[in-house]
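Asker: using only what follows, build the 3D model:
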Amino acid sequence: MTLEQLRIFVAVAEREHLTQGARALNLTQSAVSSAIATLEARYATKLFDRIGRRIALTDAGRLFLTEARAVLTRAAAAEAVLSDLSGLARGSLALMASQTVANYWLPPLIQRFRREHPGITVSLAIGNTETVSAAIQNGDADLGFIEGEIDDPALAMTAVAEDELVIIVPAGHPWAQTPPSPAELKQGAWVLREPGSGTRAMFEAALPGLGLVATDLAVALELPSNEAICAAVAAGAGTTAISRLVAANAIAAGRLVTVALPLPKRRFLALRHKERYLAKAAAAFLALAENNKH
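Answerer: Numbering: from 1, shown residues only. Take a look at the predicted model:
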C-alpha cells in the first residue's frame, strides 16, 4: 500500500465520485480507478458500492477512510519536519479561514508572506467557523482563521485582529433614520448567514443586548456568502448584521446604510492544533498575523 493509493482513496471517498476525485488530484480517471481496484483486489475488500453511475462507501470503506486520513496526516507532519531542515527556503502552508477573514483580511497578509518567503507554497480554503475548526482537528490545514470564539480544548487560539458587526439596511429604509425598537426588530425580515457561521453566532449572542433572542427574528433568507447577503439586502430583501469590513464598499457607495444600534466587537482568531507539529512556515505566518494586529 502506497501513500499515493491512500491519497487517491481519500480524495474519492470524501467526494464519493471518481471523476471529482481525479480532478482534485489532477489525475486521469483511469489512474484513479486503477488505484482503487488495486487496493480492493490486494486486500480482497470492497471499499465502494457501485450504484448505477455513482459510488458509495461500504462499511469497510468508511472504517478505512478514518485510518487513511490518519496516515496521511502523519506523513504530512513527517514531511513538514524534513522541510524545516531547509529553513523557510521551501515547503508548503495550508490555511483555511471563514469567509470574512479569507476574503477581506487574509489576502494582504498572504501576499506579504509570499514576498518574504517565495519558496513556500500557500494554499487557502474557505469554510465557516465549524468547518475551519474541523479542518484543524483533522490535520487538513496547518492554521485556521475564524470570527468569534469557539470552545475546543484541542485547539490553541490566538487573537490576530478585531472586527465590528453592524446592522445594515438598504438606502431609504426607515431604520436608517430612526433606530428600531425591539418590537420593530421582531417585525423586520432578516437575511442571515447559515447556522455554523461565526457572523451569525456572534449576532445571535448579541441579541439579548437589543432585548431579543434568536427565535424572535423572522429569518426570510439564509445565504452561504457575505456577498450574496449584501446584494440581497441592497435589493430590499431584508436586514442583516454583518462585518463592517464586508459592507464597507457598499456603505461608501450609498447602497447600504448602517443602523444606529451598536453591536459588540469581535476578534479574529488564529487556530492551531495543540498536539500537532507546528512547522516553521506555519509559525512564521502566525507570527506575521500577530504582529499585523496593531
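Asker: not counting sequence-adjacent ones, nearest residue to the residue nearest the centre of the chain?
Answerer: Closest residue to the average C-alpha location of the chain: residue 127 at 2.4 Å, with Cα atoms, centre = their mean. Nearest residue to residue 127, sequence neighbours excluded (Cβ to Cβ, 6 or more residues apart in numbering): residue 96, at 6.1 Å. Heads up, the C-betas are built off the backbone N, CA and C, glycines and all.
Asker: okay, the one you found: pLDDT?
Answerer: Looking at residue 96, its pLDDT stands at 95.
Asker: what about it, neighbour count?
Answerer: 25 (other Cβ atoms under 10 Å).
Asker: am I right that it sits in a strand?
Answerer: Yes. Counting by DSSP: H, G, I helix; E, B strand; the rest coil, residue 96 is part of a strand.
Asker: tell me who's in contact with it.
Answerer: Contacts for residue 96 were tallied using Cβ atoms under 8 Å, 6 or more residues apart in numbering; they are 124-127, 131-132, 135-136, 140-141, 143-145.
Asker: measure residue 265 to residue 206 for me?
Answerer: To residue 206, residue 265 is 10 Å away according to Cβ to Cβ, to the nearest Å.
Asker: cool, and residue 286?
Answerer: 28 Å.
Asker: can you show me the strands along the chain?
Answerer: Taking DSSP state E, the strands of the chain run over residues 48-51, 54-57, 91-98, 120-127, 143-147, 155-170, 189-193, 218-223, 240-243, 256-258, 265-273.
Asker: low-confidence regions, the stretch 1-150 of the chain specifically.
Answerer: Where the stretch 1-150 of the chain drops to pLDDT under 70, the residues are 83-87, 89.
Asker: now with 80, please.
Answerer: Counting by pLDDT under 80, the stretch 1-150 of the chain shows low-confidence ranges at 52-53, 77, 79-90, 148-149.
Asker: JSON lines please, covering the contacts of residue 96 and showing distance to residue 236.
Answerer: Listed next are these as JSON lines, based on distance: Cβ to Cβ, whole Å:
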{"residue": "124", "distance to residue 236": "33"}
{"residue": "125", "distance to residue 236": "33"}
{"residue": "126", "distance to residue 236": "28"}
{"residue": "127", "distance to residue 236": "29"}
{"residue": "131", "distance to residue 236": "31"}
{"residue": "132", "distance to residue 236": "32"}
{"residue": "135", "distance to residue 236": "36"}
{"residue": "136", "distance to residue 236": "39"}
{"residue": "140", "distance to residue 236": "39"}
{"residue": "141", "distance to residue 236": "38"}
{"residue": "143", "distance to residue 236": "39"}
{"residue": "144", "distance to residue 236": "35"}
{"residue": "145", "distance to residue 236": "33"}
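Asker: what comes up buried for stretch 243-263?
Answerer: Judged by neighbour count (16 or more other Cβ atoms under 10 Å), stretch 243-263 contains these buried residues: 243-247, 250-251, 255-257, 259, 263.
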